[in-house]
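Novice: Sequence and predicted structure, then a few things I'm wondering about:
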Amino acid sequence: MSNIEAEPVESRRGGLGDGGRSTQAPRVDVLSPRDVPLGGPRAMTVRRTLPQRARTLIGAWCFADHYGPDDVGETGGMDVAPHPHTGLQTVSWLFSGEIEHRDSLGNHAFVRPGELNLMTGGYGISHSEVSTPRTTLLHGVQLWVALPDEHRHAERDFQHYVPVPVRIDGVEIRVFLGSLAGVVSPVRTFTPLLGAEIILEPRAAITLTMDSGFEHGLLVDHGDVRIADTLLRPSELGYVHTGINTLTLTNESEGEARAVLLGGTPFEEEIVMWWNFIGRSHDDIVRAREDWQSSSDRFGTVEGYAGERLPAPALPNATIAPRRNSRR
Ligand code: MN
């Protein structure tokens, strides 16, 4: 997915207090989404919860777009022309529909529900993403992972993995990155990460053992899901600090609920994010933009996409400031 950035929004504090008094329930910060049009001739709108003013990262997760269910017959679906990435990995996870992926490594793949597609941009890669004619409803998440400095120029790569779902007490879990509920994803990451889809039957509850060194975010797709003491509505992201050993999720709705649980060790480096690039300085971004605009070998070429590649937007006049998470 290609990022045409807008301005951040609000967050509210959930739970029963600030956690200073009670050690029973972890504090949950509720991050609300903002609507962002993806651009292009038939723009699809996504709900973005990361990054925003209150929070840049959860672990190395630095970008979270949630979209659909989108009636492709009405909106035209997704059609993102070839565009570059550097310094990050893209994680595509669908609930319904199908996306055709082509990248400058020569991969031609289909993103399908319940299947992880992880692309490592490293120093540079480019790709296109188009929903297929078979798709009626397009529904899923597009996530980015920031690469740590020592690996941010890693080899381009593309991995596909289909997790086997585990079922516990009316809850179905698909662990696509990291480990949860006794299930371990074999997919390699550059920092400790967790990524899992969780589907809860009506009124189902589960208490999960968590890595206390991780911070976590629960993005609710549909249903009302209580995380610790805080009720999350659809499209909200509940953030939980490090230091917890267990986390209880409860589906408070009469129908099924679905959420995506993200986690990782806090990412301590400052990053500079602009368009589809992550660097460490303004100059990194300027160089990446120049390399894309001049069609340098850095990002390669996407074969088979019907149409032109996306030009980079104009750089801002000011120096792009680095972002990091405030310590709270
Ligand atoms: Mn992309």
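Specialist: Noted; the coordinates are in hand.

Novice: Going by C-alpha atoms from here, please, whenever you check contacts or count neighbours.
Specialist: Noted.

Novice: anything in the helix or strand containing Phe158 near the ion?
Specialist: Assigned by DSSP states H and E, Phe158 falls within strand 157-161. No: Strand 157-161 lies out of reach of the ion by C-alpha under 5 Å from the ion, never closer than 12.6 Å.

Novice: in the sheet, who's paired with the residue in the stretch 101-250 of the chain that the ion sits nearest to?
Specialist: The nearest approach of the stretch 101-250 of the chain to the ion comes at His127, 6.3 Å away (C-alpha to the ion). Going by DSSP bridges, His127 is paired in beta bridges with His83, Asp103.

Novice: Val46 reaches Asp65, doesn't it?
Specialist: Yes: between Val46 and Asp65 there is a contact at 5.9 Å, judged by C-alpha atoms under 8 Å.

Novice: Looking only at neighbour counts, state which of those two leads.
Specialist: Using other C-alpha atoms under 10 Å as the criterion, Val46 and Asp65 rank with Asp65 on top: 24 against 21.

Novice: Remind me what the helix or strand that the strand holding Phe158 is followed by packs against, helices and strands.
Specialist: Downstream of strand 157-161, the next assigned helix or strand under DSSP H and E is strand 166-168. The contact analysis (3 or more C-alpha pairs under 8 Å, 6 or more residues apart in numbering; DSSP states H and E) places strand 166-168 against strand 171-177.

Novice: who touches the strand it packs on?
Specialist: With contact meaning C-alpha atoms under 8 Å, 6 or more residues apart in numbering, strand 171-177 is reached by 114, 116, 161-167, 183-187, 189, 193-201, 204-206.

Novice: filter those residues to the buried ones?
Specialist: The neighbour count (16 or more other C-alpha atoms under 10 Å) marks 114, 116, 163, 165, 183, 185, 193-201, 204-205 as buried among the contacts of strand 171-177.

Novice: Surely Pro234 is in contact with Asp224?
Specialist: Yes: counting by C-alpha under 8 Å, Asp224 is a contact partner of Pro234 at 6.4 Å.

Novice: Please name the residues that touch His151.
Specialist: His151 makes contacts with Gly122, Phe190, as judged by C-alpha under 8 Å, 6+ apart.

Novice: Excluding covalently adjacent residues, which one is nearest to the residue of the stretch 151-300 of the chain found nearest the ion?
Specialist: Closest contact between the stretch 151-300 of the chain and the ion, by C-alpha to the ion, is at Asn276 (7.1 Å). Spatial nearest neighbour of Asn276, excluding adjacent residues (C-alpha to C-alpha, 6 or more residues apart in numbering): His85 at 5.2 Å.

Novice: His216 bridge partners, please.
Specialist: His216 has these beta-bridge partners by DSSP bridges: Val240, Gly263.

Novice: Wondering if the helix or strand hosting His139 reaches the ion at all.
Specialist: Element membership for His139, per DSSP H and E: strand 137-146. No: Strand 137-146 lies apart from the ion when judged by C-alpha under 5 Å from the ion; the minimum separation is 8.7 Å.

Novice: Report the residue spans of the stretch 1-150 of the chain with pLDDT below the cut-off.
Specialist: Counting by pLDDT under 70, the stretch 1-150 of the chain shows low-confidence ranges at 1, 4-24, 39-43.

Novice: buried stuff in stretch 48-64?
Specialist: Neighbour-count burial for stretch 48-64 flags 48-52, 54-64 (criterion: 16+ other C-alpha under 10 Å).

Novice: May I have it as PDB, with CA atoms only?
Specialist: The C-alpha coordinates for stretch 48-64 follow below in PDB (Å, rounded to 0.1, in the frame of the first residue of the first chain):
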ATOM      1  CA  ARG A  48      -5.400   4.500  10.000                       C
ATOM      2  CA  THR A  49      -4.500   4.000  13.600                       C
ATOM      3  CA  LEU A  50      -0.700   4.100  13.300                       C
ATOM      4  CA  PRO A  51       1.200   6.400  13.200                       C
ATOM      5  CA  GLN A  52      -0.700   9.200  15.100                       C
ATOM      6  CA  ARG A  53       0.100  12.000  17.400                       C
ATOM      7  CA  ALA A  54      -0.200   9.900  20.600                       C
ATOM      8  CA  ARG A  55       1.800   7.000  19.300                       C
ATOM      9  CA  THR A  56       4.200   6.300  16.500                       C
ATOM     10  CA  LEU A  57       5.100   2.700  17.100                       C
ATOM     11  CA  ILE A  58       4.000  -0.500  18.900                       C
ATOM     12  CA  GLY A  59       7.100  -2.500  19.000                       C
ATOM     13  CA  ALA A  60       8.400  -2.100  15.400                       C
ATOM     14  CA  TRP A  61       4.900  -1.900  14.000                       C
ATOM     15  CA  CYS A  62       4.800   1.600  12.600                       C
ATOM     16  CA  PHE A  63       1.800   1.700  10.300                       C
ATOM     17  CA  ALA A  64      -1.700   0.200  10.600                       C
END
